[in-house]
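Q: Give me a 3D structure for the following:
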Amino acid sequence: MNRYFQTFIYAFASLMIISCGGDSNAVDAKSDRSVQYFPNMYESVGYETYQEGDIFEGNVEAQLPVEGTVNRGWLPYEYANTNEGYASAKAELTNPLPYTEENLATGQELYNIYCAICHGTKGDGQGHLVKTEKILGVPSYADRDISQGSIYHVMYWGINYMGSYASQTSIEERWQIAHHVDALTRELKGQDVKEFVTVQNAQEDISGTDSHAAEDHGVDMHGENAHDGDHDSQEENHSSTEGE
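A: Below is the predicted model of the structure:
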């Protein structure tokens with residue numbers, strides 16, 4: 001009787017050892033991950049950046065843009081980064097945005113973000129960095145002969161020690177800032193405050209401008225037909241005396 005009992009005990013103990021993890025390859029049904037739900041969450045249907053693929057030239061997904069294409073929302077700026085380009089922009093460029101309360105308010109907000117640190121909130125050249133003598137020689141707008149065209153040009157290219165803000169601001173935002181700088185300049189020089197236009201008047205002005213442009217053979221807001229000689233030079237402008 002004891003012998004049979006001992007045999008039973010050994011068999012039971014062996015069964016317990018096996019069931020408790022004797023087989024390292026065994027997978028519990030509750031933790032089985034062999035079935036993949038929603039595989040698109042793990043394996044992209046589209047091609048991943050730099051993924052290899054026979055359908056791509058060079059077997060690489062990342063390809064150069066088609067020649068002649070530009071980034072969405074970006075337009076070419078035809079005025080060169082030269083003294084001549086600056087002078088042309090100053091004389092020819094006009095702000096295409098209507099002078100409205102909304103555009104001026106947005107321009108002031110953007111100016112305080114990007115410009116006031118050096119130029120001061122009043123445009124008097126007494127920004128925080130000037131007051132703390134981190135930088136020197138920032139002119140007051142009262143002492144400069146500038147236009148909205150030259151303001152835009154300087155924001156696009158930068159000038160002297162001021163860098164370009166083309167990557168931080170959009171075309172519309174730069175023109176909104178130009179509205180605010182123009183308003184600051186008028187105030188500093190004691191000139192008359194510019195009157196706001198209504199939405200209706202702004203639309204009429206835009207329509208009239210478009211008609212006039214069509215009659216003038218489609219010269220656009222950048223005046224590309226008026227300064228072809230400025231297109232060939234892209235060298236940095238470190239010598240202009242018209243710094244904003």
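Q: Quick one: classify Pro139 as helix, strand or coil.
A: Here Pro139 is recorded as coil under DSSP: H, G, I helix; E, B strand; the rest coil.
Q: pretty sure it contacts Gly123?
A: No: using Cβ atoms under 8 Å, Pro139 is not in contact with Gly123, being 9.7 Å away. To be clear about C-beta, it is placed using only N, CA and C from the backbone, and glycine gets the same treatment.
Q: Now do the helices in the protein.
A: Secondary structure of the chain (DSSP state H): helices located at 2-17, 83-92, 101-114, 116-119, 128-131, 148-157, 171-188, 199-215.
Q: rank the ones you listed by pLDDT, which is bottom?
A: Here the helices of the chain differ in mean pLDDT, and the lowest is helix 199-215 at a mean of 55.
Q: about what we covered before: and Pro139 and Gly123? which has more neighbours close in?
A: Gly123 (26 against 15; other Cβ atoms under 10 Å).
Q: what sits against the residue lying closest to the more buried one once chain neighbours are set aside?
A: Leaving aside its chain neighbours, Gly123 sits nearest to Leu184 (3.5 Å; criterion: Cβ to Cβ, 6 or more residues apart in numbering). Each residue near Leu184 by Cβ atoms under 8 Å, 6 or more residues apart in numbering is listed here: Lys122, Gly123, Tyr141.
Q: And Leu184, how far from His153?
A: For Leu184, the distance to His153 equals 17 Å [Cβ to Cβ, to the nearest Å].
Q: Also Ser170?
A: 16 Å.
Q: who's more crowded, these two?
A: For Ser170 versus His153, neighbours defined as other Cβ under 10 Å are more numerous around His153 (30 against 12).
Q: Isn't the more buried one up against Leu93?
A: Yes: between His153 and Leu93 there is a contact at 7.0 Å, judged by Cβ under 8 Å.
Q: what residues are shared contacts of those two?
A: With Cβ under 8 Å, 6+ apart, His153 and Leu93 have common neighbours Tyr79.
Q: Let me have the contacts of Leu184 in CSV, extended by pLDDT and distance to Asp192.
A: Listed next are the contacts of Leu184 as CSV, based on pLDDT from 0 to 100; distance: Cβ to Cβ, whole Å:
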residue, pLDDT, distance to Asp192
Lys122, 97, 18
Gly123, 97, 17
Tyr141, 97, 16
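Q: from these, which is closest to Tyr42?
A: Gly123 (55.5 Å; Cβ to Cβ).
Q: ok, now which ones touch the closest one?
A: Ser140, Tyr141, Ala142, Val181, Leu184, Thr185, Glu187, Leu188.
Q: Turn those into CSV, columns for distance to Glu84.
A: Shown next, in CSV, are the contacts of Gly123 (distance: Cβ to Cβ, whole Å):
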residue, distance to Glu84
Ser140, 26
Tyr141, 23
Ala142, 26
Val181, 22
Leu184, 27
Thr185, 23
Glu187, 31
Leu188, 28
